[in-house]
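Engineer: predicted model, plus sequence, below.
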Amino acid sequence: ADTEELARWQVVDEPGKIWQSCNWAFYNMNDPDVVQHGIDELIGSMKQFGWAAVRFDGHFTARSGKVRVKGEVTEFTAERADAQSAANHKALKDQMGQVNPAFGFGDNYVDCDLAGRWQNNLRDAIELCRGGGHVMDEYAQAIEGGNHPLRRWEDFALQMVKHAEQIRRMGGHYFVICHRSGILERYHTIGVLAAGAHPDNVVPWSIDHPYHRFATRYSEILWHPDLRYVWNPYGLVVVRAGVWWENYVREQVIDATHRRLIVHLVNPPAQETATETAEAMREVKRREDRRREIASQAAAKKEAPDFAELDALLPVKVAPDARADIAVRVVPDALGKEWRVARALLLDPETATHAEIRVDVGDPYFWELRVPKLEFWAVIVLELER
């Protein structure tokens, strides 16, 4: 695809320059013979190296317009190209499944605009999700950019829920590349996990983050296939203003006599946008660096450090203030009066632990439980029986 790059595969001839190969090639995916060659090569590579999965940055996508197929120029409408793209990917999955049924497929596909994919590439999008497809969103990692469509934290959080639910309906899983530092990482990961999506590209940088341990321990209440999103939950659940919860209510039917009601509570970021959060993080780092510089200069002169210039600055707020004593009210009439509370659990993502929490059923209109403190994220699991 690029002979110069291939020739430099093992060579770095400029001091200090880091080089890597990214060979872009644009093949004619409208031609079944080309697609079949690619399928054969993928299967051969899997057999030779033992791959468990493949992740495409650009899969076997056919294009619209005039294309040469088997020696003849053919006109592909947008609809015909979409159908061909879906057929290409299905052929790959079908043939790979015959030799390795467990092989996985992933596609860097969403680009923060899945609605556009449904509109313009419906067949292709459905096929990529089917059978447990891993549908990735790379652009979502850049929300601190000043022009990013999801730079507002509320917009980002809502879009994660929308995308995760849409992909889940089609049998797939939503993977979002997350930030890997500070409060940006924390709220990025909360927004993804609370939405029922998966943080991507986190290994090895932040695998020890407590939220990843929490997601492993309590994966059932995040990703169980029987979970159902509760749209417009007011009247079933009511939480005070200022806490994010309305997009984070789920139901899980265990059997005919047992079910769960799951409510995520999120203390919103201190800033309105991820752009402002990133600026706050940079300012904190600048001050820390300056403090070290002042201390080093003073030590060299054997003087006491003078931090007056830093002490005169207004404090930078990176994390939100913790909220205390949050009442969560559940309306039993909305569930059906035959249901009663078996127990309630308060899950703590910071420690990956849970504790039973008291439910006050004394009021004839609602059940109430209280969360003593909400620093960033908490999850309530109400176990019901009849």
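Structural biologist: Arrived safely, thanks for sending. Numbers count the residues shown, from 1 in each chain.
Engineer: which residues are in contact with residue 213?
Structural biologist: Residues in contact with residue 213 (CB atoms under 8 Å, 6 or more residues apart in numbering) are residue 352. Just so you know, the C-beta spots here come from the backbone N, C-alpha and C atoms, and that holds for glycine as well.
Engineer: quick one: average confidence on the helix or strand containing it?
Structural biologist: Using DSSP states H and E, residue 213 sits in helix 210-217. For helix 210-217, mean pLDDT rounds to 91.
Engineer: same question, stretch 101-116
Structural biologist: 93.
Engineer: what's next to that stretch, contact-wise?
Structural biologist: 46, 51-59, 89, 92-93, 96-97, 117, 125, 128, 131-140, 148-150, 159, 162-163, 166-167, 174-175.
Engineer: likewise stretch 167-177?
Structural biologist: 106, 110, 114, 125-126, 128-138, 140-141, 160, 163-164, 188, 192, 195-201, 223.
Engineer: filter the contacts of stretch 101-116 to the buried ones?
Structural biologist: Neighbour-count burial (16 or more other CB atoms under 10 Å) applied to these gives 46, 54, 56, 59, 89, 92-93, 96, 117, 125, 128, 133-140, 148, 150, 159, 163, 166-167, 174-175.
Engineer: give me the subset of these lying in helices.
Structural biologist: Among the buried ones among the contacts of stretch 101-116, DSSP state H puts 46, 89, 92-93, 96, 117, 125, 128, 159, 163, 166-167 in helices.
Engineer: can I get those residues in a markdown table with distance to residue 250?
Structural biologist: As requested, these are exported to a markdown table (distance: CB to CB, whole Å):
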| residue | distance to residue 250 |
| --- | --- |
| 46 | 36 |
| 89 | 30 |
| 92 | 33 |
| 93 | 29 |
| 96 | 33 |
| 117 | 25 |
| 125 | 24 |
| 128 | 25 |
| 159 | 18 |
| 163 | 16 |
| 166 | 16 |
| 167 | 16 |
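Engineer: quickly check those residues for the two that are furthest apart.
Structural biologist: By the measure CB to CB, 46 and 159 form the most distant pair in those, at 34.0 Å.
Engineer: not counting its neighbours along the chain, what's nearest residue 148?
Structural biologist: residue 142 (5.8 Å; CB to CB, 6 or more residues apart in numbering).
Engineer: next, the one you found: phi, psi?
Structural biologist: Phi and psi for residue 142, reported as degrees, to the nearest 10, are phi -110, psi 30.
Engineer: count the neighbours of it for me.
Structural biologist: When neighbours are counted by other CB atoms under 10 Å, residue 142 registers 15.
Engineer: surely it touches residue 150?
Structural biologist: No. Residue 142 is not in contact with residue 150 according to CB atoms under 8 Å; the separation is 9.0 Å.
Engineer: give me the low-pLDDT residue ranges for the chain?
Structural biologist: 1-24, 203-208 (pLDDT under 70).
Engineer: hey, which helix is longest across it?
Structural biologist: Max-length helix for the chain by DSSP H is helix 274-301.
Engineer: how far away from the center of its chain is it?
Structural biologist: Put simply, helix 274-301 sits 31 Å off its chain's centre (CA atoms, centre = their mean, to the nearest Å).
Engineer: show me what counts as buried in the helix or strand residue 42 falls within.
Structural biologist: Assessed by DSSP H and E, residue 42 sits inside helix 32-49. In terms of neighbour count (16+ other CB under 10 Å), helix 32-49 has its buried residues at 35, 38-39, 42-43, 46.
Engineer: which strands or helices does it pack on?
Structural biologist: helix 78-99 (3 or more CB pairs under 8 Å, 6 or more residues apart in numbering; DSSP states H and E).
Engineer: which other helices and strands contact the helix it packs on?
Structural biologist: helix 32-49, strand 104-108, helix 122-129.
Engineer: out of these, flag the one nearest residue 290.
Structural biologist: It is, among these and with distance given as CB to CB, strand 104-108, at 39.6 Å.
Engineer: centre of the chain versus the helix holding residue 213, how much separation?
Structural biologist: 14 Å.
Engineer: go on, stretch 259-268?
Structural biologist: For stretch 259-268, the gap between its own C-alpha mean and the chain's C-alpha mean amounts to 17 Å (CA atoms, centre = their mean).
Engineer: with stretch 377-386 instead?
Structural biologist: 23 Å.
Engineer: ok, and what's touching it?
Structural biologist: So stretch 377-386 is contacted by 190, 194, 211, 218, 221, 257-267, 328, 330, 335-336, 338-350, 354, 357, 359, 369, 371 (CB under 8 Å, 6+ apart).
Engineer: from these, which land in strands?
Structural biologist: 258-266, 328, 330, 340-348, 354, 369, 371 (DSSP state E).
Engineer: using ChimeraX, define a selection of the buried residues within those.
Structural biologist: Selection command for ChimeraX covering only the buried members of the ones in strands among the contacts of stretch 377-386, criterion 16+ other CB under 10 Å:
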select :259,260,261,262,263,264,265,266,328,330,341,344,345,346,347,348,369,371
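Engineer: related to what we said a few turns ago, give me the angle between the helix holding residue 213 and strand 340-348.
Structural biologist: 140 degrees (axes from the mean of the first three to the mean of the last three CA atoms, to 10 degrees).
Engineer: and helix 210-217, what's buried?
Structural biologist: Under the neighbour-count criterion of 16+ other CB under 10 Å, helix 210-217 has 211-215 buried.
Engineer: doesn't residue 231 lie inside a helix?
Structural biologist: No. Counting by DSSP: H, G, I helix; E, B strand; the rest coil, residue 231 is not found in a helix; it is coil.
Engineer: roughly how far does it sit from residue 161?
Structural biologist: Look at residue 231 and residue 161: by CB to CB, to the nearest Å, they are 10 Å apart.
Engineer: now do residue 193
Structural biologist: 11 Å.
Engineer: okay, these two: which has more neighbours?
Structural biologist: Using other CB under 10 Å, the more surrounded residue of residue 193 and residue 161 is residue 193, with 27 against 21.
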